[in-house]
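Student: missing the sequence, but the structure's below:
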């Protein structure tokens, strides 16, 4: 990991790790609500039971957060994982009814929380592109 990547990786890694830790105990209605929203945007997720989905999401967020925090994980790999995770959240924003004002990309009041996750895609791509450019030189 490059020292210049550390602030980005630590800030985002700690945030995502904390989010995953907070989801460890999701069950019942909370798990079903999260699962329902995700399955509405990505229908293939309907095949996974809500409680199992919550466990997998929690573990996935903890793994991504830990990968971003671990200095031995290459920024190219951590950035690719962050980009994929962020893209999933952006897809959730784009496909969930009520998140946007009409047919525009502007978030509604309800969509602001998800719309802001576009920064995860930008941060992930920054790590990937910087790694690729530096590797070429």
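Tutor: Ah, there it is. Since this is a predicted model, take the numbers as computed values, not measurements. Numbers count the residues shown, from 1 in each chain.
Student: how much space between the residue nearest to residue 87 when sequence neighbours are not counted and residue 15?
Tutor: Nearest non-adjacent residue to residue 87, counting by Cβ to Cβ, 6 or more residues apart in numbering: residue 121, 5.7 Å away. C-beta here means a position set from N, CA and C on the backbone, and glycine is covered the same way. Remark: distance between residue 121 and residue 15 (Cβ to Cβ, to the nearest Å) = 15 Å.
Student: Which of the two has more residues huddled nearby?
Tutor: Using other Cβ atoms under 10 Å, the more surrounded residue of residue 121 and residue 15 is residue 121, with 18 against 14.
Student: Okay, buried residues for the helix or strand containing that one please.
Tutor: Assigned by DSSP states H and E, residue 121 belongs to helix 118-136. Buried residues in helix 118-136, counted by 16 or more other Cβ atoms under 10 Å: 118, 120, 121, 123, 124, 125, 126, 127, 128, 130, 131.
Student: tell me which residues in the helix or strand of the chain with the lowest mean pLDDT are buried?
Tutor: Within the chain, no helix or strand scores below helix 112-115, which has a mean of 88 by mean pLDDT, DSSP states H and E. Within helix 112-115, the residues scored as buried using 16+ other Cβ under 10 Å are 114, 115.
Student: which other helices and strands contact that helix?
Tutor: helix 75-95 (3 or more Cβ pairs under 8 Å, 6 or more residues apart in numbering; DSSP states H and E).
Student: So which other helices or strands are in contact with the helix it packs on?
Tutor: helix 6-22, helix 28-41, helix 50-69, helix 112-115, helix 118-136.
Student: and for stretch 91-101, what are the contacting residues?
Tutor: The contact list for stretch 91-101, computed with Cβ atoms under 8 Å, 6 or more residues apart in numbering, reads 37-38, 40-42, 106-108, 110-111, 114-115, 117-118.
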